[in-house]
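**Student:** model the structure of this input:
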Amino acid sequence: MKPLLSGLAKIHEGLVAGRNYFYDHSWIKIRKVPVPVISLGNLTVGGTGKTPLTDLCLRLLRERGHRPGLVCRSYRASLTGPERVNASRDGAASRYGDEAVWFARRHPESPVWSGPVKSDTAAALAAAENVDVILVDDGFQHRRLHRDLNLVLLDATDDLPAYELLPAGRGREVLSALSRADAVLFTKVNWAGGGVPAPVRARIPAGLPVFSFEFALSPLPDAAGEDDNLLLVSAVARPGAFEALVREQRPRARLEHRRFRDHHAYGAGDVEALLERARALGVSRIFTTEKDEVKLRPLWPATGPSLNALSLEVRPQSSIESFYDVLARAFRPRP
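**Tutor:** Model prediction:
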């Protein structure tokens, strides 16, 4: 099986290299919008921590007097064109996508737009909103949109095998693609017992700014009488990380984790099964991620076991001012 996967990964590498060649030599037109664009992306599929880092960037830009907007892709959602996210409408998550709705609720002062094509969505946002910068969530591979700053996230717990291209590994692009980056953001550094793997750090181009961020889960509420059993539910790219963070806080608990496919569209049957399991375990609370809570809350009954979202907190290891200085490069003309 491995030779087959390696062969398919080589085909993937050739296709990606060809696509990048066309963009690098202007054979494919790149769309530019009238305000600076900052992309937060990664080289692997899912679970790197783009959502909490994008959240941090939105907040930091607002605190420094900017007017940021955010572009998300309407992944597994019903939108057929760009639209500003209305987080209060019925079925918002199924229309715009769970991440877009979460951002809109968390940052009501900033316009959040969702759509199937990021470049079209960015253009629509820039035309309709009074913003001075646009953040693009998961934008590194969307080269059709011109960006003024490329921030690439690398998971500090990943070693070189994780960067093998799909389907042999989890890579979308090879590590040499960091030549297009303006800064590297290592995430989850406090989870990497031995620090960032040396073979990965050695692949970072010389002179490229590097920042490290610690991730921590918000404290679980006191659960007198419930420490013996915990019930989790998630539909995220790397559910094991969520589970490990909960285990850190409740190491002696018997933990049951109902895992669904990333971005799963929950239904009434899923909720009923969760409630039945909670009653069988004798727990009055079910814990989930903030993104999952967006989709589960509209389906959750007013009585019975409660739904509790646990947030992921981000802490930079270096000065937040030095990180903002990198963000501010997006506003400076390029030579």
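**Student:** how much space is there between the residue nearest to Ala278 when sequence neighbours are not counted and Gly7?
**Tutor:** Nearest residue to Ala278, sequence neighbours excluded (Cβ to Cβ, 6 or more residues apart in numbering): Pro305, at 3.9 Å. (Glycine included, C-beta is placed from N, CA and C.) To Gly7, Pro305 is 48 Å away according to Cβ to Cβ, to the nearest Å.
**Student:** please say which of those two ends up with more neighbours.
**Tutor:** Pro305 (19 against 12; other Cβ atoms under 10 Å).
**Student:** the more buried one touches Leu281, doesn't it?
**Tutor:** No: between Pro305 and Leu281 there is no contact under Cβ atoms under 8 Å: 9.3 Å.
**Student:** hmm, back to that, dihedrals phi and psi, the residue nearest to Ala278?
**Tutor:** Here is the backbone geometry of Pro305 (degrees, to the nearest 10): phi -50, psi 140.
**Student:** what pLDDT does it get?
**Tutor:** Looking at Pro305, its pLDDT stands at 94.
**Student:** what bridges to Arg73?
**Tutor:** When assigned by DSSP bridges, Arg73 has beta-bridge partners Gly115.
**Student:** in the stretch 151-300 of the chain, which spans are strands?
**Tutor:** Assigned strands in the stretch 151-300 of the chain, in chain order: 183-187, 210-217, 229-234, 254-259, 285-289 (criterion: DSSP state E, counting those that start in this stretch).
**Student:** what average pLDDT does the third one get?
**Tutor:** This predicted structure assigns strand 229-234 an average pLDDT of 94.
**Student:** how's the chain carved up into domains?
**Tutor:** 28-215+315-331, 229-310 (automatic domain parsing).
**Student:** what's the pLDDT at the residue lying closest to Leu245 once chain neighbours are set aside?
**Tutor:** Spatial nearest neighbour of Leu245, chain neighbours left out: Leu217 (4.0 Å); criterion: Cβ to Cβ, 6+ apart. As predicted, Leu217 sits at a pLDDT of 89.
**Student:** returning to that earlier point: the domains of the chain into JSON lines, with extra columns for distance to Val16?
**Tutor:** As requested, the domains of the chain are arranged in JSON lines below (distance: least, Cβ to Cβ, whole Å):
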{"stretch": "domain 28-215+315-331", "distance to Val16": "6"}
{"stretch": "domain 229-310", "distance to Val16": "20"}
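**Student:** so which of those domains is the most packed in?
**Tutor:** Highest mean neighbour count among those (mean count of other Cβ atoms under 10 Å): domain 28-215+315-331, with a mean of 19.
**Student:** hmm, who's touching stretch 308-325?
**Tutor:** Stretch 308-325 is touched from outside by 49, 51-53, 55-56, 60, 64, 189, 211-218, 220-221, 245-246, 285-290, 292-293, with contacts defined as Cβ atoms under 8 Å, 6 or more residues apart in numbering.
**Student:** give me phi/psi at Arg59?
**Tutor:** Main-chain torsions, Arg59, degrees, to the nearest 10: phi -70, psi -40.
**Student:** any idea which helix or strand carries Tyr21?
**Tutor:** Applying DSSP states H and E as the criterion places Tyr21 in helix 2-24.
**Student:** what sits closest to His107 if chain neighbours are left out?
**Tutor:** Excluding the flanking residues, the one nearest His107 by Cβ to Cβ, 6+ apart is Leu58, at 5.3 Å.
**Student:** so that neighbour is in which element?
**Tutor:** Taking DSSP H and E as the definition, Leu58 sits inside helix 50-63.
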